[in-house]
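Novice: Predicted model and sequence below, questions to follow.
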Amino acid sequence: MGRVGFLYDRDVEQIVALGRLKGVRVAGFMSHFSEADLKDRSYAQLQFERFWGLKSELTGLFQDAVWHMANSAAVMSFPASHLDAVRPGLILYGSNALEPGFPHPDTAAFIPAMTVKSRLLHIRQVPAGRSISYGRTFVTKRESLIGVVSTGYADGYPRALSNKAHVLINGQFAPIIGRICMDVAMVDLTGLSNIEESAEVVLIGRQDSREITASELAAWAGTISYEILISLGRANSRTFID
């Protein structure tokens with residue numbers, strides 16, 4: 001089984017010709033929305049109308065073909081596009097696939113399905129005026145308690161979060177300080193209570209009454225939550241809970 005891509009209306013004749021080849025069975029047709037997550041649905045509607053037009057033209061020739069187009073955002077907000085099958089991605093993680101403020105009643109029902117945890121490797125008392133990590137982008141303004149977290153950009157924790165994000169330790173927010181390194185990141189523990197080496201560090205998820213979401217990390221890193229989720233979920237050990 002293989003895949004063949006057709007991009008333009010003029011390719012219809014090629015599709016028909018392909019379907020008439022001996023030994024070839026066309027299993028399905030797919031397209032993909034580029035803006036189904038936006039409140040402005042004009043281009044998504046145009047994309048769907050083009051795909052529907054192709055379906056109307058070819059259904060008689062490919063009667064058993066499966067037609068699918070809807071990504072997570074379209075699954076949530078564009079029921080006309082569901083066709084024979086849908087392709088949810090981001091919403092499988094329990095993350096909202098629509099832009100903020102999208103008028104959809106079910107977005108609050110999503111429960112994040114992924115928690116990412118690490119550990120504190122080391123804690124050290126540091127005097128005022130001491131620079132932390134590469135590039136000296138953070139300098140302590142007071143005597144500070146600095147922790148080293150066993151997670152870096154090699155683990156999928158983006159370097160773009162340097163000096164922007166925070167983590168949860170013992171139910172308390174601790175800011176990321178200095179540049180995130182390949183295998184570790186530094187956090188400011190000054191003023192936090194009951195923090196010990198080897199303490200659990202939550203990068204994404206809930207600890208006690210507080211929570212860090214993939215959407216928050218994405219906003220700090222200037223990217224999308226899907227990139228955060230697949231980056232942190234790719235190389236790290238995983239535990240699936242029923």
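Specialist: Yes, it's here.
Novice: Can you get me a residue count around residue 197?
Specialist: 12 (other Cβ atoms under 10 Å). (Glycine included, C-beta is placed from N, CA and C.)
Novice: ditto for residue 193
Specialist: 8.
Novice: Now do the contacts for it.
Specialist: Residue 193 sits next to 170, 172 when contact means Cβ atoms under 8 Å, 6 or more residues apart in numbering.
Novice: Assign it to helix, strand or coil.
Specialist: With DSSP: H, G, I helix; E, B strand; the rest coil as the basis, residue 193 sits in coil.
Novice: quick one: it from residue 169, how far?
Specialist: 10 Å (Cβ to Cβ, to the nearest Å).
Novice: for residue 236, same thing?
Specialist: 18 Å.
Novice: more neighbours, these two?
Specialist: The neighbour count for residue 236 versus residue 169, taken as other Cβ under 10 Å, is higher for residue 169 (24 against 15).
Novice: contacting residues for the more buried one?
Specialist: By Cβ under 8 Å, 6+ apart, residue 169 lies in contact with 120, 147, 187, 189, 192, 195, 199-202, 207.
Novice: chain center to the longest helix seen in the chain, what's the gap?
Specialist: Assignment by DSSP state H gives helix 42-58 as the longest helix of the chain. The chain centre lies 28 Å from the centre of helix 42-58; the measure is Cα atoms, centre = their mean, to the nearest Å.
Novice: do the same with stretch 220-230
Specialist: Using Cα atoms, centre = their mean, the offset of stretch 220-230 from its chain centre is 5 Å.
Novice: re the thing from before, and the contacts of the longest helix of the chain?
Specialist: Helix 42-58 has contacts (Cβ under 8 Å, 6+ apart) with 9, 12, 15-16, 29, 31, 33-36, 38, 65, 67, 69, 74, 78, 80-81, 83.
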